[in-house]
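Visitor: Give me the fold of what follows.
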Amino acid sequence: MSRVLADRYRLEPLPVGRGGMGEVWLGRDVRLDRAVAVKFVRFPDDDQRDELVRRFVRESRITAGLEHPGVPAVYDVGTDGDTPYMVMQRVDGLSVADLVAEHGPLPVGWATGIAAQACAVLAAAHDRALVHRDLKPGNLMLGPDGTVRVLDFGLAVALASGDSRITRTGEALGTPAYMAPELVMAGLTDPRTDLYALGCTLHEMLTGRRPFTGGTAYAVMHQQVDGRIPDVRALRPDVPAELAALVRSLMAKSPDDRPPSAAEAFASLTPHVRDLAALPGAVPDVGPSPTRMYAMALATVLGPPGTPAADPTPAPVPRRSSSTPQTARRTDLRRLREQVDSLVAKSRREAAVELLAAGVPPAAQAFGGADPDVISLRTRMADLLFDQGDFGHAAHAYSDLVDAGIHAVVTGEGRRWRRQEATCLALSGDTATALTRLTSLLDDERADHSSDDDRVLDLRKQLGLLQLGHGDATAAEETFADLLADVRETHGHDAAEARTVEKLRQAAGSARKDS
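Guide: Predicted structure coming up:
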């Protein structure tokens, strides 16, 4: 039976998406007879309820206030019991993340067209002194008519309010693969922080690869700060040299070396938006359409005509399995792993998580929570939650694994779970608990390894970054100063790692003086 919200919005039986703080349902406004999407706040931790509600209200106001065709319109807000919700324009399409997963590197015209439309939205946001702060392929939705919409302003900050530094508990940082160096080192944001994320996204669209990867979030953050910017043309020689140079400038380590505005980045992108053709399964037709007719007319009236960007169509909506058996056999576990692998290969990670959420409990009941096969499935679910950016639920999943796999905690995989839990807690805003977890893990690593072991050194650097993100710049500066001495003794005074730690120490010192 369909659920009806506020005697007006008839919701479909199951949600279509979950994130770190929200849950999205499709539905229909029965009064106006139009399709809608309804986003609810999720409360993974009651202790953070007030903070999540505050952020949700802020997202509603920011999204409604932008009034841009590249941002989904907000129709209504309300509460269902004590759960706030926001009714929005339903956006049909495919995320850029799924598009790249399906098609690999995109044609140059498509990649630049998508990026140019994102620039138009960023320019509107920046004009209102708003920084998105979590721009990434998963937050760009591409419609079958060629339009791009920028989603999820839940982490946006208002620069005019002095809120450009992240120090409060409950405030997430963003997604590591797209975080600018100044956001990693000192929690600072300005409009050029979004341009860095756009550069990472454009690199991924052109090459099919993220510019920086690593075994942990902090390994990726380290590369954002000090890693060499990869050359797009080395991976894809047909990319024009001017476009490759633009990607490099967008991803410059210093904000001052990036384009000064989204409008200037837009102007550099538009000459490359050409030779667009249909993408099978994504954009079925690039011929005349009402949307393109309107865009062309508007461009003619307001300025020089440009080539509209073109983008993709919706992926199938994953549905929760209702036929998972209540008992399990080893063959069931093997079949579950195969189904999950198949879904992940098709970039249907959310469906894979839902399948695991339904299949793991009966498996644990049948074989025990510490069974190696069950632990393998539980680890897969935690890692998928992490990859989706659902850091709150991933933290709980890793914590449960540590509790279930006590025998493994003293060695590699168990310690990876503990480090991932700390990372998730930090990225979901609970920096204080993350510091406690990481300090405990560091004590265990120091008990088993020498002080110059790279595992110990890396954990100390992560500890300093957490202290900096928590607003304790003094402690962070001390941590980095002690670490710098040991890194220089182990790797040499001029080693790349020593230069990185020195930059972090300087950033902590600057943050301490500004506080």
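Visitor: what sits against the spatially closest residue to residue 418 that is not a sequence neighbour?
Guide: Take residue 418 and drop its neighbours on the chain: the residue closest to it by C-beta to C-beta, 6 or more residues apart in numbering is residue 441, 4.9 Å away. The C-beta positions use only the backbone N, C-alpha and C, and glycine is treated the same way. Shown in contact with residue 441 (C-beta atoms under 8 Å, 6 or more residues apart in numbering): 415, 418-419, 422, 459.
Visitor: list the buried ones in the helix or strand encompassing residue 506?
Guide: Secondary structure from DSSP states H and E places residue 506 in helix 496-514. For helix 496-514, burial by neighbour count (16 or more other C-beta atoms under 10 Å) applies to 497-498, 500-505, 507-509, 511-512.
Visitor: any residues touching that helix, and which ones?
Guide: Among residues not part of helix 496-514, those counted as contacts by C-beta under 8 Å, 6+ apart are 165, 185-186, 222, 225-226, 457, 461, 464-465, 467-468, 473-474, 476-477, 479-481, 483-484, 487-488, 491-492.
Visitor: Also stretch 223-242?
Guide: 105, 108, 176, 179-181, 184-185, 203, 206-207, 209, 211-214, 243-244, 247-248, 251-253, 268, 271-272, 496, 499-500, 503-504.
Visitor: quick one, helices of the stretch 51-200 of the chain?
Guide: Using DSSP state H, counting those that start in this stretch, the helices of the stretch 51-200 of the chain run over 96-103, 108-127, 181-186, 191-207.
Visitor: swap that for the stretch 351-500 of the chain, please
Guide: Using DSSP H, counting those that start in this stretch, the helices of the stretch 351-500 of the chain run over 372-387, 391-404, 412-427, 431-448, 454-469, 473-491, 496-514.
Visitor: the inter-axis angle of the first one versus helix 391-404?
Guide: Spelled out, it's helix 372-387. Angle, helix 372-387 to helix 391-404, by axes from the mean of the first three to the mean of the last three C-alpha atoms, to 10 degrees: 160 degrees.
Visitor: Kindly report the same for the fifth one.
Guide: Compare the direction of helix 454-469 with that of helix 391-404 by the same axes, to 10 degrees and you get 140 degrees.
Visitor: hmm, back to that, for the contacts of residue 441, give me TSV that also has distance to residue 356.
Guide: As requested, the contacts of residue 441 are exported to TSV (distance: C-beta to C-beta, whole Å):
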residue	distance to residue 356
415	23
418	21
419	21
422	23
459	29
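Visitor: Between these, identify the one with the most neighbours.
Guide: When neighbours are counted by other C-beta atoms under 10 Å, residue 422 leads these with 31 neighbours.
Visitor: so who does it touch?
Guide: Neighbouring residues of residue 422 by C-beta under 8 Å, 6+ apart: 434, 437-438, 441, 462, 466.
Visitor: So if we follow the domain assignment, how does the chain break up?
Guide: The record's domain parsing of the chain by automatic domain parsing lists 3-89, 94-302, 330-514.
Visitor: least trustworthy helix or strand in this structure by mean pLDDT?
Guide: The least trusted helix or strand in the chain, going by mean pLDDT, DSSP states H and E, turns out to be strand 157-158, with a mean of 64.
Visitor: quick one: average pLDDT of the helix holding residue 506?
Guide: Averaged over helix 496-514, pLDDT sits at 82.
Visitor: Now residue 344: phi and psi?
Guide: For residue 344, the backbone dihedrals (degrees, to the nearest 10) come out as phi -60, psi -40.
Visitor: actually residue 229, not the one I wrote
Guide: For residue 229, the backbone dihedrals (degrees, to the nearest 10) come out as phi -70, psi 120.
Visitor: separation between it and residue 211?
Guide: Relative to residue 211, residue 229 is positioned 7 Å away (C-beta to C-beta, to the nearest Å).
Visitor: what touches both of those two?
Guide: residue 251.
Visitor: if you count what's nearby, which of these two comes out ahead?
Guide: Per other C-beta under 10 Å, whichever of residue 229 and residue 211 has more neighbours is residue 211, with 24 against 18.
Visitor: So that one sits against residue 201, correct?
Guide: No: in this structure, residue 211 is not within contact of residue 201 by C-beta atoms under 8 Å, at 9.6 Å.
Visitor: how about the residue nearest the centre of the chain, what does it touch?
Guide: By C-alpha atoms, centre = their mean, the chain has its centre lying nearest to residue 175, at 3.8 Å. Shown in contact with residue 175 (C-beta under 8 Å, 6+ apart): 134, 136, 138, 389.
Visitor: Out of those residues, flag the one nearest to residue 2.
Guide: residue 138 (28.4 Å; C-beta to C-beta).
Visitor: What does the pLDDT read for the nearest residue to the closest one once chain neighbours are set aside?
Guide: Spatial nearest neighbour of residue 138, chain neighbours left out: residue 97 (4.3 Å); criterion: C-beta to C-beta, 6+ apart. We have a pLDDT of 93 for residue 97.
Visitor: show me the contacts for residue 97.
Guide: By C-beta under 8 Å, 6+ apart, the contact set of residue 97 is 136-138, 347.
Visitor: Low-confidence ranges, the stretch 351-500 of the chain, go.
Guide: Where the stretch 351-500 of the chain drops to pLDDT under 70, the residues are 404-412.
Visitor: Mind doing that once more with 50?
Guide: 407, 409-410 (pLDDT under 50).
Visitor: Same check on the stretch 1-150 of the chain?
Guide: Using pLDDT under 50, nothing in the stretch 1-150 of the chain is flagged.
Visitor: cutoff 90 now
Guide: Filtered on pLDDT under 90, the stretch 1-150 of the chain yields the residue ranges 1-2, 14-23, 41-67, 81-83, 91-94, 102-103, 127-131, 133, 143-147.
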